[in-house]
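Trainee: when you get a sec, could you give me coordinates for this:
(chains A and B)
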2 protein chains.
Amino acid sequence: MTYRAPLKDMLFAINELAGLDAISQLPGFEEATADTAQAVLEEAAKFTEQVIAPLNRTGDIEPSSWKDGAVTTTPGFKDAFRQFGEGGWQGVLHPQEFGGQGLPKLIATACNEMLNSANLSFALCPLLTDGAIEALLTAGSDAQRQAYLPRLISGQWTGTMNLTEPQAGSDLAAVRTRAEPQGDGTYKLFGTKIFITYGEHDMAENIVHLVLARTPNAPEGVKGISLFIVPKFLVNEDGSLGARNDVHCVSIEHKLGIKASPTAVLQFGDHGGAIGTLVGEENRGLEYMFIMMNAARFSVGMQGIAVSERAYQQAVAYARERVQSRPVDGSARQAVTIIHHPDVKRMLMTMRALTEGARALAYVGAAACDIAHQHPDEAVRRENQAFYEFLVPVIKGWSTELSIDVTSLGVQVHGGMGFIEETGAAQHYRDARILPIYEGTTAIQANDLVGRKTVRDGGAVARGICARIAETEAALAAHGGAPFAAMQAQLAKGRAALEQAIDFIVTNGKTDPNAAFAGSVPYLKLCGIVFSGWQLGRAMLAADARRAEDPAFHEAKIATAHFFAEHVLSQAGGIRDAIVSGAPAALALSEAQF
Amino acid sequence: MTYRAPLKDMLFAINELAGLDAISQLPGFEEATADTAQAVLEEAAKFTEQVIAPLNRTGDIEPSSWKDGAVTTTPGFKDAFRQFGEGGWQGVLHPQEFGGQGLPKLIATACNEMLNSANLSFALCPLLTDGAIEALLTAGSDAQRQAYLPRLISGQWTGTMNLTEPQAGSDLAAVRTRAEPQGDGTYKLFGTKIFITYGEHDMAENIVHLVLARTPNAPEGVKGISLFIVPKFLVNEDGSLGARNDVHCVSIEHKLGIKASPTAVLQFGDHGGAIGTLVGEENRGLEYMFIMMNAARFSVGMQGIAVSERAYQQAVAYARERVQSRPVDGSARQAVTIIHHPDVKRMLMTMRALTEGARALAYVGAAACDIAHQHPDEAVRRENQAFYEFLVPVIKGWSTELSIDVTSLGVQVHGGMGFIEETGAAQHYRDARILPIYEGTTAIQANDLVGRKTVRDGGAVARGICARIAETEAALAAHGGAPFAAMQAQLAKGRAALEQAIDFIVTNGKTDPNAAFAGSVPYLKLCGIVFSGWQLGRAMLAADARRAEDPAFHEAKIATAHFFAEHVLSQAGGIRDAIVSGAPAALALSEAQF
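Mentor: Residues are numbered from 1 along each chain as shown, chains lettered A, B, ... in the order given. All right, here's what the predicted structure looks like:
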């Protein structure tokens, strides 16, 4: 078994930290009880462990390949995707009205974590399809929803997001793809899109491309972008497939990792025009795309957690088997398994603490999203929506940045064997490297966090979170005991550092934007560290309350949080310095001086 | 041009920080003046930029390959290695008596940096050959030195180090290879060695394997290991090549990076015994191997700096070309090259500051090694030897660990293009990943730093370095000006943190070794950060003194050091916390709890 879903850890985060109990009392989520969560997670574990995880290495060795415009996916993927659709896994969080299960994002998030731990490359296809579903739910016409959603949710068809063009990476203002109205309600699209994940493949009957393009006379910049559905095969009124549309995959990329996932260059309209229909209103494409992107960004954050978990499991397994060197404390005369060496423990604890901290934060974020959608009280909805939106760039940026460190440690634990491809540790290290880049680089997330999420409201939401953190500090202080005191002390220092950073960002955001944005990524990391530490502080308290039920498990939770406090939260002061004092030096060099 | 040797930066480090002037006054180094250094470096730059660097990507695409026991290296490597030998580059620091140039390690270090920046895979062959030369110089008999050294130094033959066996990674006590005396002064060796860099290849006429093995009745553990020369082809008395020896390459590894460098599994004695001769005395093999390893560890540290420099140059070049998004300060209405965006500057400055700091420290270490060898005053020699030996694990561990971060940032600066293999940024990220592993993992370096270098002398050498740092702080304080004051403040905090860490390590090293060693890698990193910061503090002062000669260059030096102070040195306090308070949590989990 190359992957075992950490069900107990997931259920702990779901029940004790994210508060599934409260979610299941919201209208529409009545069935989402702890029992349901456990049952769904157990099924997801079986499927991902047995069907999906074994294909991970296969995909690395036999990547998707391109020939004459067609993409053949890794052997086994097509059948696995059929099982994925038939199992209802695409629909976990989507409306029952269109064939989904209508479960909370909180439960779906755990399922997604498993799918991604099992196989990042495979999971990308559902991830993008989720985005397309989300966009159509939000902005699609009734006809579009009826035509596309049931088939996307059943896994018969898949979806893509087409934003990037060769001249416009993260800068959507530079999008040039044209959409010309045909007078019959359809448009013809012309242009080139790059980096389109699962832009072409053989796992589904149809591919539903959601494409950003400009209509004639649209305003310049991001205000002139519209969103279109351009299916690979046109869809007849009765839902059957029609003619092949004029969108073609001209190549796929040769990548560092996630090799099984085809990254396509798509050419629209080289043979007369790709037929598409407008989603929602003209020139509001960016707004709709942001809805998809927020969901996708959260999901990419989960990918960071997922690959970290997988790398951790593999490192632990190796450290339990590999015998080398006597213990430094002289407690054995023979060589021991390396899990007994202090630095190996430190590395494994680092991997574990970062992963658990990020998971706790992400699951809490998912619950906030559920409350923001379903709570009867508008004020509660608004508050949770603001909290969730603040967290999204943090979850995306922090969870993916740490996945680089965690997968790198995974290689390191293996020593020389880690550098040999057959071992598999290196694949996680290569796969993870895309995560801080796609769906908006860490800098793009950090710009969002600084600009839209912190400066715009004068730091109100950010400071509100700090106030909640202070409450957890008080609870820790009231508790007593060394690990709890250590967490309280480091969390208090971390929160104080974050508050200073917030002040700096808010003060400089408008008057000296270069200074504020020079600290944007450190600010994002500081949020990630302090928020994760906060959640692990809560986890300590919850674990202590339940200690007797399962001492070994709950004591490990407390120790992991304690480790996070001393080894990760302790970094907060240094990062604060970099934000508050680091801008002049960061900005000092002219282009020629580099 | 994919690589341009940073000659001005190198010469600044050589002359202003490492003090070549004083080195050239040592007996034997009279010719090693600043002019000589400049001339040698300029020649090395031409050769590495024009001949070696273009082969870097070739080696990634067309790695060395194995067939029927023979290894064919990447196209172009054989001819390049011939030019390398003919140019005298293998002999830069080796004695003139055997055909070398007899230059200081300080100058050779800059040449090695260039070779490694140009091509890590290629440079490994000379790196291992250097180790073999070093071992024979130290412990070889006259006959062995005459037979092997001239041909190793000329590049006709190459050398290897054979330590690792399948059951014994870093744990040399577990070496099982046997050496049976034949009564004629030779031995027959039997055993399997793995991870042998350039263990087989087609670039030289002969390969000189230096092999750790046990003689019959040798004591158990590391005290029973002897060192043998086992040439691929036996060497006749007249120096001509004799019969093929019984050492055979049975496979090479499929690796994450440095793919052009063949990593061999060598089988000794499958056809009657591989004939070898003893180096030095029986059972002193580990001692000799440590001489080679210290040189090799320093060189691997230089590899970290070298690949960081190369990744930095590539990232700067991309950031100067790639146009995307308008500036956040509204200073332009059009999209600009990304080098103008604050976070891109921050990333490039991080890459630059880490690389410059590590280079400064390594060059200062090389100079200490030169003084330790050549100074007429024994007390000075001893002091410099102790300083150098303290630095070796820091230079090896810190420079290679940071190369992971720097090459990762190099990918990140490229955005999505960084994940595409054709771009080349990903290769540096893959190549660098071996550096914290081979020649002793970071944990092995840190064990050495804690055990042999800090605890053994009660922290005397470590505290002596801190006292020298305090002198630099005083000079910075006397100077005035914001960047100098910032460096003084962060350096003082960093040194204080390091002193607390030294106290902790010394106090616990013997009484609670698990606690001391749980903090060993953080301690190594803390040394790396504080020592590099110290050297950059010195660099600021030197640059200011020479500012008028070349303002743009020297002001960039000051800004880079300032950046290091605020963004890197500022991490010291957090790392101190992890060392001093982090052990209980690091060690808390039992094997089953992971």
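Trainee: now for residue A:170: which residues touch it?
Mentor: By CB atoms under 8 Å, 6 or more residues apart in numbering or on different chains, residue A:170 lies in contact with A:440-441, A:444, B:324-325, B:415. The way it works is simple: take the backbone N, C-alpha and C, and place the C-beta from them, glycine included.
Trainee: in helices, which of these appear?
Mentor: Residues of the contacts of residue A:170 located in helices (DSSP state H): residue A:444.
Trainee: which strand is the longest one in chain A?
Mentor: strand A:186-197 (DSSP state E).
Trainee: state the distance from the residue nearest to residue A:503 when sequence neighbours are not counted to residue A:583.
Mentor: Nearest non-adjacent residue to residue A:503, counting by CB to CB, 6 or more residues apart in numbering or on different chains: residue A:459, 7.3 Å away. According to CB to CB, to the nearest Å, residue A:459 stands 18 Å off from residue A:583.
Trainee: equivalent analysis for residue A:443, please.
Mentor: Distance, residue A:443 to residue A:583, by CB to CB: 15 Å.
Trainee: who's more crowded, those two?
Mentor: residue A:443 (26 against 23; other CB atoms under 10 Å in any protein chain shown).
Trainee: got the contact list for the more buried one?
Mentor: Contacts of residue A:443 (CB under 8 Å, 6+ apart): A:520-521, B:341, B:343-344.
Trainee: over to residue A:373?
Mentor: Contacts of residue A:373 (CB under 8 Å, 6+ apart): residue A:381.
Trainee: got the residues of the stretch 101-250 of chain A near chain B?
Mentor: Applying CB under 8 Å from any CB of the partner chain, we find that the stretch 101-250 of chain A lies next to chain B at A:164, A:167-171, A:173-174, A:194-195.
Trainee: follow-up on the earlier one: is it possible to export the contacts of residue A:170 to CSV including neighbour count and distance to residue A:208?
Mentor: CSV is the format used below for the contacts of residue A:170 (neighbours: other CB atoms under 10 Å in any protein chain shown; distance: CB to CB, whole Å):
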residue, neighbour count, distance to residue A:208
A:440, 21, 22
A:441, 23, 26
A:444, 22, 25
B:324, 18, 28
B:325, 20, 29
B:415, 23, 26
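Trainee: element containing residue A:275?
Mentor: strand A:274-279 (DSSP states H and E).
Trainee: contacts for that strand, please.
Mentor: Counting by CB under 8 Å, 6+ apart, A:135-136, A:139-141, A:144, A:179, A:182, A:185-190, A:210-211, A:213, A:226-230, A:234, A:245-247, A:268, A:285, A:288 sit against strand A:274-279.
Trainee: now intersect these with the helices, please.
Mentor: Per DSSP H, the contacts of strand A:274-279 map to helices at A:135-136, A:139, A:144, A:285, A:288.
Trainee: tell me the two of those that are most distant?
Mentor: Farthest-apart pair in these is A:144 and A:285; separation 14.4 Å (CB to CB).
Trainee: which of the two has more neighbours?
Mentor: Higher neighbour count among residue A:144 and residue A:285: residue A:285, with 32 against 19, using other CB under 10 Å.
Trainee: how many neighbouring residues does the nearest residue to residue A:40 once chain neighbours are set aside have?
Mentor: Excluding its sequence neighbours, the residue lying closest to residue A:40 (CB to CB, 6+ apart) is residue A:107, at 5.8 Å. Neighbour count of residue A:107, defined by other CB under 10 Å: 29.
Trainee: what distance do you get for residue A:107 to chain B?
Mentor: 27 Å (CB to the nearest CB, to the nearest Å).
Trainee: how about stretch A:574-581: buried residues?
Mentor: Neighbour-count burial for stretch A:574-581 flags A:574-581 (criterion: 16 or more other CB atoms under 10 Å in any protein chain shown).
Trainee: so which of those are in helices?
Mentor: Reading helices off the buried residues of stretch A:574-581 with DSSP H, I get A:574-581.
Trainee: for residue A:389, state which of those residues is nearest.
Mentor: Using CB to CB, these come closest to residue A:389 at residue A:579, 21.4 Å.
Trainee: and the residue lying closest to that closest one once chain neighbours are set aside, what does it touch?
Mentor: Excluding the flanking residues, the one nearest residue A:579 by CB to CB, 6+ apart is residue A:519, at 3.6 Å. Going by CB under 8 Å, 6+ apart, residue A:519 touches A:501, A:504-505, A:578-580, A:582-583.
Trainee: okay, the contacts of residue A:170 in CSV with distance to residue A:356 next?
Mentor: Putting the contacts of residue A:170 into CSV (distance: CB to CB, whole Å) gives the following:
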residue, distance to residue A:356
A:440, 25
A:441, 25
A:444, 26
B:324, 36
B:325, 35
B:415, 30
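Trainee: which of the contacts of residue A:170 lies closest to residue A:50?
Mentor: residue A:440 (33.6 Å).
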